[in-house]
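Asker: here is a sequence with its predicted model. Questions after.
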2 protein chains.
Amino acid sequence: MGITERKKRDKEDLKQRILDAAKLLFTKYGYESTSIRKIAKVIEFSPTTIYLYYRDKNDILYALHREGFKMLGTSFHDLGKIEDPFERLKKMGWTYLQFALDHSDFYELMFIMKEPLQWLDEDECSSDKWQEGINAFEPLHKTIIDCQKKGYFEDQDPKLFSLFVWSTVHGLCSLSLHGHFEQVVKGNKLDIHPDKILEDSFENFLNLIDKLK
Amino acid sequence: MGITERKKRDKEDLKQRILDAAKLLFTKYGYESTSIRKIAKVIEFSPTTIYLYYRDKNDILYALHREGFKMLGTSFHDLGKIEDPFERLKKMGWTYLQFALDHSDFYELMFIMKEPLQWLDEDECSSDKWQEGINAFEPLHKTIIDCQKKGYFEDQDPKLFSLFVWSTVHGLCSLSLHGHFEQVVKGNKLDIHPDKILEDSFENFLNLIDKLK
DNA sequence: TGGATATATTAACAGTGTTAAGTAGCTTTA
DNA sequence: TAAAGCTACTTAACACTGTTAATATATCCA
């Protein structure tokens, strides 16, 4: 039954092409100007065809959301080689930061926008619900535990400490991406260069947790 | 010239009524379903009338944004009474957290959404550009400096340390509000109750900076 | 060859922000 | 007093948005 196989492959193909088009528009022009109709124009199909492959717009958004986590996941994967867990933790932070800056649209989708996770709640099929947790949080959690094995942060609860590190770095990224740091520096006349705040703040954070070792 | 005065007052009145209607819809039904047309229906004017008082929708959004900062500002003001700066810092954190939970729509507008600050950039009149910085960051900055006067965090740069504290608490709030903590707890089977994560994490953070004293 | 099935389309609904043009009603001027 | 001007507001329209129902077309199997 090669033909039905090929048909299924073709169907999957179009589903992927829709996603690629969405990704293209999304990374090029941002979320706001990525509409179903524009995606349809890129793949040269009618807008309604898209609804044969994705339930609604948030379904596409969530698919991109997963792509983002795959990207971040592979970035994190390479860090596994680093033996020293504290060194790994630091590099992990920089990687996260760089990801937020290099792929700010994806970062927005993955950690700032409400829609993708809301969609997940509405979806019954929950088999891949843990994707996010597994891909992004587990490496951090593991690294913290490795740190504790080496005698660092021994008095800390590993889960809460992981959440703390994540929260701080996410806080830095999201406030920076949305121009809050710039505004505060301007408003309070702080003598920090706007372009350097994120870097400086992160460096400062690393020095800070170094003291907690 | 009492008549022109009254007319001006009437005009200001309607401007305020538009804002009140926007606030009502906004807090009751969220950002998504707060449209110009719905605001118009509430104040019983035609949609286009609103454009005589506000430049565009983001203008209204930014007005609400300012209202939010006024609210948070007054919450912070009462904390000034607390003598011990470290105690004040802790209370300030709780106040911020409570604000994010109690007025999550406003929190979204003030610290998560891009639009209001983007609008600010486009606006020429920059006289009240510092509102945010002055109302929300300055009390924190001052408290940190007060802490240092008492001998706490002496080796820290007060500005970077303030940004660190803000980032962490904002990170906690924004990740929690958007359901990321819930997702991570589910996915990684952490034995923390979803409703308690934010509180526990913040408590943990307070203990952590207590160690840095 | 005919009917079922899968796939794609057109047309439409109900909504969005926003603008151009037009209209009452009051105020000022000739 | 009548005409002109100004202010506050409305109607109609444009160009979009996500989404659905109804319809057409092409392919497969009996």
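Answerer: Yep, that arrived. Residues are numbered from 1 along each chain as shown, chains lettered A, B, ... in the order given.
Asker: domain-wise, how is chain A divided?
Answerer: Domain assignment for chain A by automatic domain parsing gives A:1-54, A:66-210.
Asker: dump those domains to JSON lines, plus mean neighbour count.
Answerer: C-beta coordinates here come from the backbone N, C-alpha and C atoms, glycine included. Putting the domains of chain A into JSON lines (neighbours: other Cβ atoms under 10 Å in any protein chain shown) gives the following:
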{"stretch": "domain A:1-54", "mean neighbour count": "14"}
{"stretch": "domain A:66-210", "mean neighbour count": "18"}
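Asker: just the pLDDT for the nearest residue to A:K57 once chain neighbours are set aside.
Answerer: Of all residues not flanking A:K57 in the chain, A:I36 sits nearest, at 6.1 Å (Cβ to Cβ, 6 or more residues apart in numbering or on different chains). pLDDT recorded at A:I36 is 98.
Asker: show me what contacts A:I36?
Answerer: The contact partners of A:I36, by Cβ atoms under 8 Å, 6 or more residues apart in numbering or on different chains, come to A:P47, A:I50, A:K57.
Asker: for A:K211, same thing?
Answerer: B:L212.
Asker: give the next helix or strand downstream of the element among helices and strands of chain A having the smallest mean pLDDT.
Answerer: Lowest by mean pLDDT, DSSP states H and E among the helices and strands of chain A is helix A:131-132, with a mean of 62. Next in sequence after helix A:131-132, counting helices and strands by DSSP states H and E, comes helix A:138-149.
Asker: from the chain's centroid, how far away is that following helix?
Answerer: 20 Å (Cα atoms, centre = their mean, to the nearest Å).
Asker: contact partners of it?
Answerer: Contacts for helix A:138-149 (Cβ under 8 Å, 6+ apart): A:76, A:79-80, A:85-86, A:88-89, A:92, A:153-154, A:156, A:158-159, A:161-162, A:165-166, B:188.
Asker: swap in stretch A:62-69?
Answerer: A:19, A:22-23, A:26, A:54, A:103, A:106-107, A:109-110, A:116, A:119-120, A:128, A:131-132, A:135-136.
Asker: likewise for stretch A:158-171?
Answerer: Stretch A:158-171 has contacts (Cβ under 8 Å, 6+ apart) with A:89, A:93, A:96-97, A:111, A:137, A:140-141, A:144-145, A:148, A:153, A:202, A:205, A:209, B:164, B:166-172, B:174-175, B:181, B:184, B:190, B:192, B:197, B:200-201, B:204-205, B:208.
Asker: can we see that at 6 Å?
Answerer: If you take Cβ atoms under 6 Å, 6 or more residues apart in numbering or on different chains as the criterion, stretch A:158-171 is touched by A:93, A:96, A:111, A:140-141, A:144-145, A:153, A:205, B:167-168, B:170-172, B:190, B:201, B:204-205.
Asker: returning to that earlier point: just the contacts of A:I36 now: which is nearest chain B?
Answerer: Closest approach to chain B among those (Cβ to the nearest Cβ): A:K57, at 13.0 Å.
Asker: does A:W119 sit in a helix, a strand or a coil?
Answerer: Per DSSP: H, G, I helix; E, B strand; the rest coil, the local secondary structure of A:W119 is helix.
Asker: apart from its neighbours in sequence, what residue is nearest it?
Answerer: A:N58 is the one closest to A:W119 (Cβ to Cβ, 6+ apart), at 4.0 Å.
Asker: relative to A:I36, how far out is that neighbour?
Answerer: Here the criterion is Cβ to Cβ, to the nearest Å. By it, A:N58 lies 11 Å from A:I36.
Asker: do the same with A:I82
Answerer: Counting by Cβ to Cβ - A:I82 and A:I36 are separated by 43 Å.
Asker: repeat for A:Q183
Answerer: Distance from A:Q183 to A:I36, by Cβ to Cβ: 34 Å.
Asker: A:K23 now?
Answerer: With distances taken as Cβ to Cβ, A:K23 is found 14 Å from A:I36.
Asker: ok, now A:F205?
Answerer: Separation of A:F205 from A:I36 (Cβ to Cβ): 41 Å.
Asker: tell me the secondary structure at A:Y54.
Answerer: coil.
Asker: who are the contact partners of it?
Answerer: A:I60.
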